[in-house]
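**Q** Give me the fold of what follows.
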Amino acid sequence: MLNPRSDDGWGSSGWDQIFNVTNFKVPFYDSEPINHAWAHHYRGIYRANQVITNVPAIQMDETLKKRYLAEAKFWRGTYYFNLVVLWGPVPLVLEPSQPTDLPSNATVDEIWAQVEKDLSEAVNDLPVSYDNNNIGRITKGAAYAMLGKAYLQEHKYQQAKDALNWLVEGAGKGTYALLPNYADNFSPTAENNKESILEINFKAQQSVTDEDDPNSNMGNQREPFFAPSPPGFNDLEMHRWVIYEFMQEKTITNQRDPRLAVTAIFDSTDERGPDFSMFWGKSFSQLLSPTDKRVWYRKYENDQTSTGITFEGEKNVKVIRYADVLLMYAEALNQLNQTAAAYPYVDMVRERAGLPKLSIAKPGLSQANFLKQLMHERITELTGEDVRWNDLARWGYLDDQSKINELKARDFEFNNFILGKSKYLPIPQSEIDINPHLAQNQGY
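**A** Numbers count the residues shown, from 1 in each chain. The predicted model follows:
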């Protein structure tokens, strides 16, 4: 829902239900992609509500009880973050649902207020870290990072700075750090590392089809949908303009930005060209054609360790990395007219990639130009990590026709974007049909 609807990607699927959603043409409001995303989020909210409602009455270790409640609040807040970004005014359900419930739409402001409340309460009772038997559980740092992300999305810059400060300069400083090698963030052998703040863990195990089964979705199923055909389904592609963003600068040793090869599958992932760019045991020339100029997302593909496509991918998904936190912190500082103070945090991200410090390459930028630079930095650091749609929304691109026109110039799909409508997905029609209190989103 996030990468292909953004301007960095596009829907190339032969399946009309995916194609129409990514191209802002949604004639069928009960399409599988829309229904699945809606249902999965509310299933998560239902489970979180069960914990929040029922755990307080259980006689158990009080510290553990508080932690479980904090984890549930974190997830409920995170689910509502995604829902309000994707759908806007959705129902705000805060107790275990009953079959007779007919909730009405909450306002966007009410949903954001609940996101803030849940995440703010969660930080108090979460540990900084866990033992090896509990790796992957929600930490205090993850809650602060998500809270800061929510405040930033709402343009509450001081609150965003305060929340993110815990990780960067506050009590949590030193808990997280950038890995020396950028590529290790997307390697199955270096997961849950020092840079990972929130990570969804997967393993190469056959999943069951029952979505309520504990063994459902054990493997990462993203690979075939994002892979070219052959060997995948070719449902989503990356626009080639993203590659040119990486080409704007050389490293201090006059090399290409090393993050590009980690981010994109294309004819020159290896700088020597299509005969040397290897994926799933074949060169680009063998897999497709040496003259094919299309591009695909690479970060969660298993092309380096496998010769085939799988629905049981072992790569974990990074929801928030420390690099993202540093760039968000810099953005909050800049928006608070503290641009000079924001430079060091961008410098850290650039230096890891081998680029010259921004404070040397472009010193003294104005607030507006520093934000433009951050837009570039977030493309080269985070493309393919489901952040671009949120970025565009936060920067006002989805609410301004002149900015929509700018997006059209690099993504033809935005020719179908209707201001006041396409920012949000339609609420599934099946939900509207069974609930007379639920109103459809504007324009649908």
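**Q** Strands along the protein, start to end?
**A** Taking DSSP state E, the strands of the chain run over residues 9-11, 196-200, 236-238, 264-265, 278-279, 282-283, 296-297, 317-321.
**Q** For these, could you give me TSV that also reports distance to Gly148, mean pLDDT and mean neighbour count?
**A** Just so you know, the C-beta spots here come from the backbone N, C-alpha and C atoms, and that holds for glycine as well. Output for the strands of the chain, formatted as TSV (distance: least, Cβ to Cβ, whole Å; pLDDT from 0 to 100; neighbours: other Cβ atoms under 10 Å):
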stretch	distance to Gly148	mean pLDDT	mean neighbour count
strand 9-11	25	95	23
strand 196-200	11	96	20
strand 236-238	28	96	22
strand 264-265	28	98	24
strand 278-279	36	97	19
strand 282-283	42	97	16
strand 296-297	26	98	24
strand 317-321	9	96	22
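**Q** Glu62: which of these is closest?
**A** In terms of Cβ to Cβ, the element of the strands of the chain nearest to Glu62 is strand 196-200, at 25.7 Å.
**Q** Can you spell out which helices and strands pack onto the closest one?
**A** Using 3 or more Cβ pairs under 8 Å, 6 or more residues apart in numbering; DSSP states H and E, the elements in contact with strand 196-200 are helix 140-153, strand 317-321, helix 322-335.
**Q** rewinding a little: out of the strands of the chain, the one nearest Asn20 is which?
**A** strand 9-11 (8.0 Å).
**Q** Next up, the contacts around the spatially most central residue of the chain.
**A** The chain has Asp386 as the residue nearest its centroid, 2.8 Å off, counting by Cα atoms, centre = their mean. Contacts for Asp386 (Cβ atoms under 8 Å, 6 or more residues apart in numbering) come out as 2-3, 319.
**Q** Out of the helices and strands packed on strand 196-200, flag the one nearest Phe225.
**A** strand 317-321 (13.4 Å).
**Q** ok, residues contacting that closest one?
**A** So strand 317-321 is contacted by 142, 145-146, 149, 185-186, 195-200, 202, 220, 222, 300, 382, 385-386 (Cβ under 8 Å, 6+ apart).
**Q** can you check stretch 136-147 too?
**A** For stretch 136-147, the surrounding residues in contact (Cβ under 8 Å, 6+ apart) are 70-71, 74-75, 77-78, 81, 116, 119-120, 122-123, 126-130, 163-164, 166-167, 172, 175-176, 192, 197-201, 320, 324-325.
**Q** picking up where we left off before, now the strands of the chain as a markdown table including distance to Gly354?
**A** A markdown table is the format used below for these (distance: least, Cβ to Cβ, whole Å):
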| stretch | distance to Gly354 |
| --- | --- |
| strand 9-11 | 26 |
| strand 196-200 | 21 |
| strand 236-238 | 22 |
| strand 264-265 | 18 |
| strand 278-279 | 22 |
| strand 282-283 | 26 |
| strand 296-297 | 22 |
| strand 317-321 | 18 |
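**Q** Ala330 is nearest to which of those?
**A** For Ala330, the closest of the strands of the chain is strand 317-321, at 14.4 Å, according to Cβ to Cβ.
**Q** Chain neighbours aside, what residue packs nearest to Gln367?
**A** Of all residues not flanking Gln367 in the chain, Thr339 sits nearest, at 5.3 Å (Cβ to Cβ, 6 or more residues apart in numbering).
**Q** any idea how far Gly396 is from the one you found?
**A** Per Cβ to Cβ, to the nearest Å, Thr339 is found 19 Å from Gly396.
**Q** Please name the nearest non-neighbouring residue to Pro180.
**A** What sits nearest to Pro180 in space, not counting adjacent residues and going by Cβ to Cβ, 6+ apart, is Arg352, at 7.2 Å.
**Q** and that neighbour, what is it in contact with?
**A** 178-180, 182, 323 are the contacts of Arg352 under Cβ under 8 Å, 6+ apart.
**Q** Relative to Ile434, which of these is nearest.
**A** Taking Cβ to Cβ as the measure, Ile434 lies nearest Ala323 of the contacts of Arg352, at 43.2 Å.
**Q** wait, doesn't that closest one sit right on Arg378?
**A** No - taking Cβ atoms under 8 Å as the definition, Ala323 is not a contact partner of Arg378, at 9.5 Å.
**Q** one step back: right, and the helices and strands packed on strand 196-200 - which one's nearest Gly88?
**A** Distance to Gly88, taken as Cβ to Cβ, is lowest for helix 140-153 among the helices and strands packed on strand 196-200, at 12.8 Å.
**Q** Also compute the angle for the closest one relative to helix 322-335, please.
**A** 40 degrees (axes from the mean of the first three to the mean of the last three Cα atoms, to 10 degrees).
**Q** Show me which residues of helix 140-153 are buried.
**A** Using 16 or more other Cβ atoms under 10 Å as the test for burial, helix 140-153 gives 140-153.
**Q** and the gap between the residue of the chain positioned farthest from its centre and Lys65?
**A** When distances are taken from the C-alpha mean of the chain, Gln59 lies farthest, 37.4 Å away, according to Cα atoms, centre = their mean. Distance of Gln59 to Lys65, given as Cβ to Cβ: 9 Å.
**Q** Lys25 now?
**A** Using Cβ to Cβ, Lys25 is found at 48 Å from Lys65.
**Q** Rebuild the buried residues of helix 140-153 as CSV, extending it with pLDDT and distance to Pro89.
**A** Shown next, in CSV, are the buried residues of helix 140-153 (pLDDT from 0 to 100; distance: Cβ to Cβ, whole Å):
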residue, pLDDT, distance to Pro89
Lys140, 98, 31
Gly141, 98, 31
Ala142, 98, 27
Ala143, 98, 25
Tyr144, 98, 27
Ala145, 98, 26
Met146, 98, 21
Leu147, 98, 22
Gly148, 98, 24
Lys149, 98, 20
Ala150, 98, 17
Tyr151, 99, 20
Leu152, 98, 21
Gln153, 98, 16
